[in-house]
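Novice: One predicted model, sequence on top.
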Amino acid sequence: METLQFAFRKILYAIPLLFGVTLISFLLMVYFGPDLTYSLIGKNPTSEQIVEVRTQLGYDQPFFIRYGMFLKEIVTFDFGNSLSTGERVSSILLRTVPVSFAVALPGFVISELLALALALIAANNRGGFVDKGIMVFAVVGMSISFLIVVIIFQIVFCSVYGLNLFPVQGWVVSNVADYIHYVAVPTMVIVFVGLGYNTRFFRAVIVEELNRDYVRTARAYGVSRFRILSAHILKNAMIPISTRVIISLPFVVIAGNLVIERYFNIPGVGLITYNAITTGDLPIVKAVVTSTAILYVIALVFTDIVYRMIDPRVALNS
């Protein structure tokens, strides 16, 4: 019951933040987004045509009326139609979000779990050969461009110049075997790119916990190193670790991965967002940016709830 009350209060506290996020998103799109007037009426328009189109687009309305219409779009999840295809934006998102989720989730989960395991090994052998080797691997992974990794993995695993085991592009999935066939290389790319950043961060958190007084006390009482790591250090380190993991989820679910979906031609949110940016399809860009921002705020609220579940010592009124 207390946890439910805590969650309800956090949701109430998030409402002003949601308004702030939507206001900033709207300001960026109004003042820095593309003006669709001339793309809709073509070349050499008359002044009457310009005024008519701007009225249809709502550009002649006061700022707060336009912002109110924007909030209505968010609440009703109705962002209009795509300027490129004419399809409802909500239908496009409902079709592409599951694809992006299916593409990004395996790599995301494997990367987080593998990074945590490597961080524990490195921290447990701090300053040793194993620790230095893992950190060198992490730094190398962080230093290589995401785009370069995609190209290299495509050549090695997908092309006739490499192993030619997986498709270069496309997404034709009707069963589990097809899914594994198409998601294998994107998963390897995501794991390789994310492993370095996650390992360094997780190791830093665990090493910080290793320096706490309770660790020295536990060692003085003869508690085994494995028990200290598994029962105490890992549990206390889960708060910053869970924060990093949870706030990354909205970008996995909504934003997808622009580079991966673009270069593997996977019909997810990343690809339609890339196409919308290049063609000036503002309704799609607006829907993706806004949905990602809102889910990010929700993820922040959820992290506070997870804190309470991980460590009951977290004050309910914090």
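Specialist: Good, I have the coordinates.
Novice: three-state assignment of Trp171?
Specialist: coil (DSSP: H, G, I helix; E, B strand; the rest coil).
Novice: Nearest residue to it in space, please, no chain neighbours.
Specialist: Ile266 (4.7 Å; C-beta to C-beta, 6 or more residues apart in numbering). (Glycine included, C-beta is placed from N, CA and C.)
Novice: One more: Leu163?
Specialist: Phe157 (5.5 Å).
Novice: Can you name the residues that contact that neighbour?
Specialist: By C-beta atoms under 8 Å, 6 or more residues apart in numbering, Phe157 lies in contact with Leu163, Asn164, Leu165, Phe166, Ala184, Val185, Met188.
Novice: do that again at 7 Å, thanks
Specialist: Counting by C-beta atoms under 7 Å, 6 or more residues apart in numbering, Phe157 touches Leu163, Leu165, Phe166, Val185.
Novice: Using PDB, write out the CA atom coordinates for the host helix or strand of it.
Specialist: Using DSSP states H and E, Phe157 sits in helix 146-158. The C-alpha trace of helix 146-158 is given here as PDB (Å, rounded to 0.1, in the frame of the first residue of the first chain):
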ATOM      1  CA  PHE A 146      28.900   3.100 -34.700                       C
ATOM      2  CA  LEU A 147      28.600   3.400 -38.500                       C
ATOM      3  CA  ILE A 148      32.000   1.800 -39.000                       C
ATOM      4  CA  VAL A 149      30.900  -1.100 -36.800                       C
ATOM      5  CA  VAL A 150      27.800  -1.600 -38.900                       C
ATOM      6  CA  ILE A 151      29.700  -1.500 -42.200                       C
ATOM      7  CA  ILE A 152      32.400  -4.000 -40.900                       C
ATOM      8  CA  PHE A 153      29.800  -6.400 -39.500                       C
ATOM      9  CA  GLN A 154      27.900  -6.300 -42.800                       C
ATOM     10  CA  ILE A 155      31.000  -7.000 -44.800                       C
ATOM     11  CA  VAL A 156      32.100  -9.900 -42.500                       C
ATOM     12  CA  PHE A 157      28.800 -11.600 -41.900                       C
ATOM     13  CA  CYS A 158      26.500 -10.600 -44.800                       C
END
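Novice: Just give me how far it sits from the chain centre.
Specialist: How far helix 146-158 lies from its chain's middle: 21 Å, per C-alpha atoms, centre = their mean, to the nearest Å.
Novice: The contacts of Phe157, buried ones only, as a PyMOL selection?
Specialist: Selection of buried members from these for PyMOL, criterion 16 or more other C-beta atoms under 10 Å:
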select buried, resi 166+185
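Novice: For Val130, state which of the contacts of Phe157 is nearest.
Specialist: Val185 (29.0 Å; C-beta to C-beta).
Novice: Helix or strand: which one has that closest one?
Specialist: Val185 belongs to helix 176-210, assigned by DSSP H and E.
Novice: Give the buried residues for that helix.
Specialist: 181-196, 198-203, 205-207, 209-210.
Novice: need the next SSE after it, C-terminal direction.
Specialist: Of the helices and strands lying after helix 176-210 in sequence (DSSP H and E), the nearest is helix 213-220.
Novice: Can you check my assumption that the residue nearest to Trp171 lies in a helix?
Specialist: No: secondary structure of Ile266 (three-state DSSP): coil, not part of a helix.
Novice: Contact partners for Thr217?
Specialist: Not one residue lies near Thr217 by C-beta under 7 Å, 6+ apart.
Novice: That one and Ser47: what is the separation?
Specialist: In this view, Thr217 and Ser47 are 80 Å apart by C-beta to C-beta, to the nearest Å.
Novice: just Gly280 next, same as before
Specialist: Gly280 is 22 Å from Ser47, by C-beta to C-beta.
Novice: okay, the two: which has more neighbours?
Specialist: More neighbours surround Gly280 than the other of Gly280 and Ser47, with 15 against 7 (other C-beta atoms under 10 Å).
Novice: on that earlier part again, surely the residue nearest to Trp171 is in contact with Val99?
Specialist: Yes: look at Ile266 against Val99 with C-beta atoms under 7 Å: they come within range, at 6.5 Å.
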